[in-house]
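[1] quick one, what's the 3D model for this:
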Amino acid sequence: MWRILLFTILVGCSYHGTGEYFGANYLGVPYVLDPLGEEVSPDTDPLIRYDAFDCTTFVETVLANNDVNKLNKIRYVGGVPNILNRNHFIETDWLENNSNLVVNVSANYAPTKIRTVTVDKKKWFKTVYDLDTDFTTRTIDLEYIPYTYAHNIKISKPMIVLFIIDNPKIRRKLGTDLAVRHMGFLLPDGRLRHASRSKKQVLDTNFDKYVNRLVENKNNLGIMLLEIKK
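    Numbers count the residues shown, from 1 in each chain. Model (predicted):
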């Protein structure tokens, strides 16, 4: 009974809390790439699960407060689970279709630059799923904070942080450009809470130290801060 009560408290605090319990109930959960799907071919993974996350599904599940219907609305256009409806690209799909939940506030915290990204979703679907689609190529400008200014950012509430890249190898491998390499939650005390591929689990990392490692690679550009709307 107490375990159930504690879990309920943690989940309830995960969205509206000050940060201490923001997704804390998932610390230590294993990292699994692309753990969710539509339960039918070509992606037979479940619509929701709590025993494995990648960086995106961790953020989405916390935002949804563990509610599969809310999660579907975050992950799919119109909340309808379908491989073509899924917000595959943070840049052109996820940010736009979740504008009711998040807003880019990067310019409120530091000087910014623009990363122009062109997403060829049609070519990507053919490369990854061998599916023919009628998606058109889209180009969008993303405002981000260069790593030069990313240290010691002070926030008063948890935010989603996106890590921006410009890597030609990814374009050749995936058949499209890609600008967001990773995402997680930046907490007011300077912790990055995220599902880490390298550490194989959901964990807390010192944000400044994490940034210090990223700047060693010239393909890593900076961060985007997303405020979570009430």
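[2] any weak-confidence spans in this protein?
    For the chain, the stretches with pLDDT under 70 are 1-20.
[3] and the helices in this structure, which stretches?
    Counting by DSSP state H, one finds helices in the chain at the ranges 2-16, 55-63, 68-75, 95-97, 121-129, 168-174, 207-214.
[4] buried residues in the last one?
    Of the residues in helix 207-214, those with enough neighbours to count as buried (16 or more other Cβ atoms under 10 Å) are 207, 210, 211, 214. All C-beta atoms are positioned from the backbone trio N, CA, C, and that covers glycine.
[5] wait, the second one sits on residue 191?
    In this case it means residue 210. No - if you go by Cβ atoms under 8 Å, residue 210 and residue 191 don't touch, sitting 9.7 Å apart.
[6] and the helices of the chain: which comes nearest residue 162?
    Smallest distance to residue 162 across the helices of the chain (Cβ to Cβ): 8.6 Å, for helix 95-97.
[7] list of residues touching that closest one?
    Outside helix 95-97, the residues that touch it by Cβ atoms under 8 Å, 6 or more residues apart in numbering are 77, 87, 102, 104, 226.
[8] buried stuff in that helix?
    Quick answer for helix 95-97 (16+ other Cβ under 10 Å): 95, 97.
[9] what do you get for stretch 196-209?
    196, 201, 202, 203, 204, 205, 207.
[10] format those residues as CSV; extra columns: distance to residue 120.
    Shown next, in CSV, are these (distance: Cβ to Cβ, whole Å):
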residue, distance to residue 120
196, 29
201, 33
202, 32
203, 34
204, 36
205, 32
207, 32
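[11] tell me which of those is nearest to residue 72?
    residue 202 (21.4 Å).
[12] related to what we said a few turns ago, which of the helices of the chain is buried the deepest?
    Stretch with highest mean neighbour count among the helices of the chain: helix 55-63 (a mean of 24; mean count of other Cβ atoms under 10 Å).
[13] related to what we said a few turns ago, adding distance to residue 176 and neighbour count, write the contacts of helix 95-97 out as a markdown table.
    Below are the contacts of helix 95-97 laid out as a markdown table (distance: Cβ to Cβ, whole Å; neighbours: other Cβ atoms under 10 Å):
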| residue | distance to residue 176 | neighbour count |
| --- | --- | --- |
| 77 | 18 | 14 |
| 87 | 15 | 18 |
| 102 | 23 | 20 |
| 104 | 21 | 18 |
| 226 | 22 | 22 |
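[14] now do the strands in the protein.
    102-104, 113-119, 138-146, 159-165, 180-186, 191-196, 201-206, 220-228 (DSSP state E).
[15] so what does the last one touch, helix or strand wise?
    So that's strand 220-228. Packed against strand 220-228 by the contact rule (3 or more Cβ pairs under 8 Å, 6 or more residues apart in numbering; DSSP states H and E) you find strand 102-104, strand 113-119, strand 138-146, strand 159-165, strand 180-186.
[16] tell me which of those strands lies nearest to residue 221.
    Set against residue 221 and scored by Cβ to Cβ, the helices and strands packed on strand 220-228 come closest in strand 159-165, at 4.6 Å.
[17] got the CA coordinates for the closest one in CSV?
    Extracted in CSV, the C-alpha atoms of strand 159-165 (Å, rounded to 0.1, in the frame of the first residue of the first chain):
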residue,chain,number,x,y,z
MET,A,159,12.5,22.6,-18.6
ILE,A,160,13.0,20.3,-21.6
VAL,A,161,16.4,20.7,-23.1
LEU,A,162,17.2,19.7,-26.7
PHE,A,163,20.8,19.2,-27.8
ILE,A,164,21.4,20.6,-31.3
ILE,A,165,23.9,19.1,-33.9
